[in-house]
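Asker: only the shape, not the letters, is given here:
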Ligand SMILES: C[S@@+](CC[C@H](N)C(=O)[O-])C[C@H]1O[C@@H](n2cnc3c(N)ncnc32)[C@H](O)[C@@H]1O
């Protein structure tokens, strides 16, 4: 999934830095705050860890159920009265072949809908409508984890065929080729060898609940781009509360999901409070040299908590505009803090 701050490309760097610091993570108890796509949880789960993960967006929770929760393919015996073949393959086949309908997503996200938006082709928006409707009917039959897993599969399939350049700040005015392909629900890979406890929660509330943790990993947003407004379409698909959407781009109301970590005047005190409330052997944090908090500010706060080292990974970002041409240097930072007083 194309996601702002997705750590998939730097997992190797995180792994190396932990190894250089002689921190054992295999089979350990780990918290992944700000879990997003769950890519870092995924790495720890492949290594047999127990991972407690949280995010405040429901689409993130669904994505984590899709890729991280199950160690093996689940079956859907709970649907045996509705479906003859209730294997995962049978369920996805059934959903993929539902009759398309013109509903809420067609009205809001398709060019021939009420608002002429171009997030999805007409036919894909109709399929999203029929699949989302059907999954809703199953909510009472299915345990939460299977319900959210199916929503994760729908959301991921929709994301693949969305007519956007990655985020949903706006749709493209010309169809990209992927957006004209048919939406297909697909099985994920099942790679976890550990146990994942996933919660929809604010990090500040989540972290208070745990003791006896080996590593707290955190990957807060580092710039002003709020996730709630950049991924609102995915959130709308999984929440499905049929809100009236606002403006040309069809935004959901996201007042309650705004993150202090994306607000310059609030980020430092939010970060300081969070770090104070953490109780684990190690605190490991990803950030960028382009972030709202400076390296100096982070180090000052972490140094009060424990002995801190910084690891660096060079990124090159290509910029072209009339003022800057060519490469700009960017670094992905990993702070590793060995906490002084671990209770
Ligand atoms: C940089 S991204 C994490 C990326 C993730 N490590 C990955 O690889 O996909 C930051 C995440 O923090 C979440 N977030 C922001 N503020 C939050 C808060 N106060 N509580 C919980 N989650 C929050 C966002 O929804 C977003 O998914």
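Answerer: Nice, I can see it. On a predicted model such as this, the values are computed, not experimentally measured, just so you know.
Asker: so what's residue 87 up against?
Answerer: For residue 87, the contact set (C-beta atoms under 8 Å, 6 or more residues apart in numbering) comprises 73, 75, 76. For the C-beta atoms, the positions are set from N, CA and C on the backbone; glycine is no exception.
Asker: again, 10 Å this time
Answerer: When contacts are counted by C-beta atoms under 10 Å, 6 or more residues apart in numbering, residue 87 is found next to 73, 74, 75, 76, 77, 93.
Asker: now, these that are in helices?
Answerer: residue 93 (DSSP state H).
Asker: quick one: the strands in the stretch 101-250 of the chain, in order.
Answerer: 195-200, 213-218 (DSSP state E, counting those that start in this stretch).
Asker: quick revisit: which of the contacts of residue 87 are buried? Put it as a ChimeraX command.
Answerer: The following ChimeraX line selects those of the contacts of residue 87 that are buried, judged by 16 or more other C-beta atoms under 10 Å:
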select :74,75,76
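Asker: need the contacts of residue 87 in CSV with pLDDT and distance to the ligand, can you?
Answerer: Output for the contacts of residue 87, formatted as CSV (pLDDT from 0 to 100; distance: C-beta to the nearest ligand atom, whole Å):
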residue, pLDDT, distance to the ligand
73, 98, 23
74, 98, 23
75, 95, 28
76, 98, 27
77, 97, 32
93, 98, 29
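Asker: quick one on the thing from earlier: just the strands of the stretch 101-250 of the chain: most buried one?
Answerer: Of all the strands of the stretch 101-250 of the chain, strand 213-218 carries the top mean neighbour count, a mean of 22, counting by mean count of other C-beta atoms under 10 Å.
Asker: which helices and strands sit right next to it?
Answerer: Secondary-structure packing of strand 213-218 (3 or more C-beta pairs under 10 Å, 6 or more residues apart in numbering; DSSP states H and E): helix 11-20, strand 29-33, helix 39-46, strand 50-55, helix 264-277, strand 280-288, strand 325-339.
Asker: for residue 244, which of those is the nearest?
Answerer: strand 50-55 (25.4 Å; C-beta to C-beta).
Asker: now the angle from the closest one to strand 29-33?
Answerer: Strand 50-55 runs at 10 degrees relative to strand 29-33, counting by axes from the mean of the first three to the mean of the last three C-alpha atoms, to 10 degrees.
Asker: domain-wise, how is the chain divided?
Answerer: Using automatic domain parsing, the domain parsing of the chain gives 1-72+196-221+259-343, 76-189+229-251.
Asker: output the lowest mean pLDDT helix or strand found in the protein.
Answerer: Using mean pLDDT, DSSP states H and E, strand 306-320 stands out as the lowest-scoring helix or strand of the chain, at a mean of 81.
Asker: right, and the strands of the stretch 101-250 of the chain - which one's nearest residue 300?
Answerer: Using C-beta to C-beta, those put strand 213-218 closest to residue 300, at 16.9 Å.
Asker: quick one: strands adjacent to the closest one?
Answerer: For strand 213-218, the paired strands and their directions (DSSP bridges) are strand 29-33 (parallel), strand 280-288 (parallel).
Asker: quick one, which of those gets closest to residue 164.
Answerer: Judged by C-beta to C-beta, the one of the strands paired with strand 213-218 that comes nearest to residue 164 is strand 280-288, at 22.6 Å.
Asker: report the distance from the closest one to the chain centre.
Answerer: Relative to the chain's own centre, strand 280-288 is displaced by 18 Å; criterion: C-alpha atoms, centre = their mean, to the nearest Å.
Asker: hmm, it touching the ligand?
Answerer: No: counting by C-beta under 6 Å from any ligand atom, no contacts exist between strand 280-288 and the ligand, the nearest distance being 6.9 Å.
Asker: if we can go back for a sec, farthest pair within the contacts of residue 87?
Answerer: 77 and 93, at 16.3 Å, using C-beta to C-beta across those.
Asker: worst mean pLDDT among the domains of the chain?
Answerer: In terms of mean pLDDT, the lowest-scoring of the domains of the chain is domain 1-72+196-221+259-343 (a mean of 93).
Asker: gap between residue 22 and residue 15?
Answerer: As judged by C-beta to C-beta, to the nearest Å, residue 22 and residue 15 stand 13 Å apart.
Asker: gap between the residue positioned nearest the centre of the chain and residue 236?
Answerer: Centroid-nearest residue in the chain: residue 36, 2.5 Å away (criterion: C-alpha atoms, centre = their mean). Going from residue 36 to residue 236 by C-beta to C-beta gives 18 Å.
Asker: same check, this time on residue 19
Answerer: Using C-beta to C-beta, residue 19 is found at 41 Å from residue 236.
Asker: what does residue 200 give?
Answerer: Distance from residue 200 to residue 236, counting by C-beta to C-beta: 16 Å.
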